[in-house]
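J.: Here's a sequence, model it:
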Amino acid sequence: MERDFDLYFKRGIKMKCALYSGSFDPITKGHKDIIRRASKMCDRLIVAVLNNSSKNYLFSLEEREEMLKKSLKEFKNIEIISFDGLLVELMKKIECRYIIRGLRAVADYEYELALAYGNYEISDEQVETIFIPASKKYLYLSSSMVREIAKYEGKLSNYLEDYIADRLKAKIKGR
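T.: Model (predicted):
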């Protein structure tokens, strides 16, 4: 039996709603590339900022949301929200069935596949995950990598928008 999104793509119909989540600590050009590509696939793309109290973020939730809003202001069909807890519970609450995930290297695949299967099962087969492969130039890019580069005052322009790079440098110097 064909799944809903198979039918959408065959008919050239966009998904009504999809969600892309992450910690965005900070948002990178790789994140933005996946968001740009995902926004073309749906009428409404929700970008959800994870707030996990057991994680130690460099930027506060408010700062991460603010950077996302500024970075993504050109996209008209994007909404930014924050959440904690199970992603499938958020999906149910906002009535969204499709999760967008970016895939980088092979290590991402195993981790993301396990999450996709888990989300599908605990949502009673209501939530599907769609994978978008990272562009070649962002294949090994991560927020933790750019934080490390910033720590040692390396060049960030290939990975971050200028204002985010400036905020990251200031944040690290202030620590």
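
J.: Could you say which helix or strand holds Tyr109?
T.: helix 106-122 (DSSP states H and E).

J.: so Ala134 sits right up against Asp33, yeah?
T.: Yes: between Ala134 and Asp33 there is a contact under CB atoms under 8 Å: 7.3 Å. The C-beta positions use only the backbone N, C-alpha and C, and glycine is treated the same way.

J.: next one: phi and psi at the closest residue to Asn52 other than its chain neighbours?
T.: Leaving aside its chain neighbours, Asn52 sits nearest to Asp84 (6.2 Å; criterion: CB to CB, 6 or more residues apart in numbering). Dihedral angles of Asp84 (phi, psi; degrees, to the nearest 10) stand at phi -140, psi 160.

J.: Could you give the number of residues near Asp84?
T.: Counted with other CB atoms under 10 Å, the neighbours of Asp84 add up to 12.

J.: same thing with Pro133?
T.: When neighbours are counted by other CB under 10 Å, Pro133 registers 14.

J.: With the one 3 residues further on instead?
T.: Under the neighbour criterion other CB under 10 Å, Lys136 is assigned a count of 7.

J.: Tell me what angle the helix or strand containing Arg101 forms with helix 106-122.
T.: Under the criterion of DSSP H and E, Arg101 resides in strand 98-103. Between strand 98-103 and helix 106-122, the angle comes out at 160 degrees (axes from the mean of the first three to the mean of the last three CA atoms, to 10 degrees).

J.: what's next to strand 98-103, contact-wise?
T.: By CB atoms under 8 Å, 6 or more residues apart in numbering, the residues outside strand 98-103 that reach it are 5, 15, 17-21, 30-31, 34, 38, 41-42, 45, 87, 91, 108-109, 112, 115-116, 119, 127-134.

J.: What of stretch 54-72?
T.: Stretch 54-72 is contacted from outside by 23-27, 32, 35, 47, 49, 51, 78, 80, 82, 147, 161, 163-164, 167-168, 171-172, using CB under 8 Å, 6+ apart.

J.: Check which residues of that stretch are buried.
T.: Neighbour counts over stretch 54-72 (16 or more other CB atoms under 10 Å) mark 57-59, 61, 63-65, 67-68, 71-72 as buried.

J.: Return that stretch as CSV; C-alpha atoms alone will do.
T.: What follows is stretch 54-72, C-alpha atoms only, in CSV (Å, rounded to 0.1, in the frame of the first residue of the first chain):
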residue,chain,number,x,y,z
SER,A,54,19.6,17.8,30.3
LYS,A,55,21.7,19.4,27.5
ASN,A,56,24.1,22.2,28.0
TYR,A,57,23.6,24.7,25.2
LEU,A,58,25.9,27.6,24.4
PHE,A,59,23.0,29.8,23.4
SER,A,60,19.8,30.2,25.3
LEU,A,61,16.5,29.0,23.8
GLU,A,62,15.5,32.6,23.2
GLU,A,63,18.8,33.4,21.5
ARG,A,64,18.5,30.3,19.3
GLU,A,65,14.9,31.2,18.3
GLU,A,66,16.0,34.8,17.6
MET,A,67,18.8,33.7,15.3
LEU,A,68,16.5,31.3,13.5
LYS,A,69,13.9,34.1,12.9
LYS,A,70,16.5,36.5,11.6
SER,A,71,18.2,33.8,9.4
LEU,A,72,14.9,32.5,8.0
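
J.: Fine by me, we can end here.
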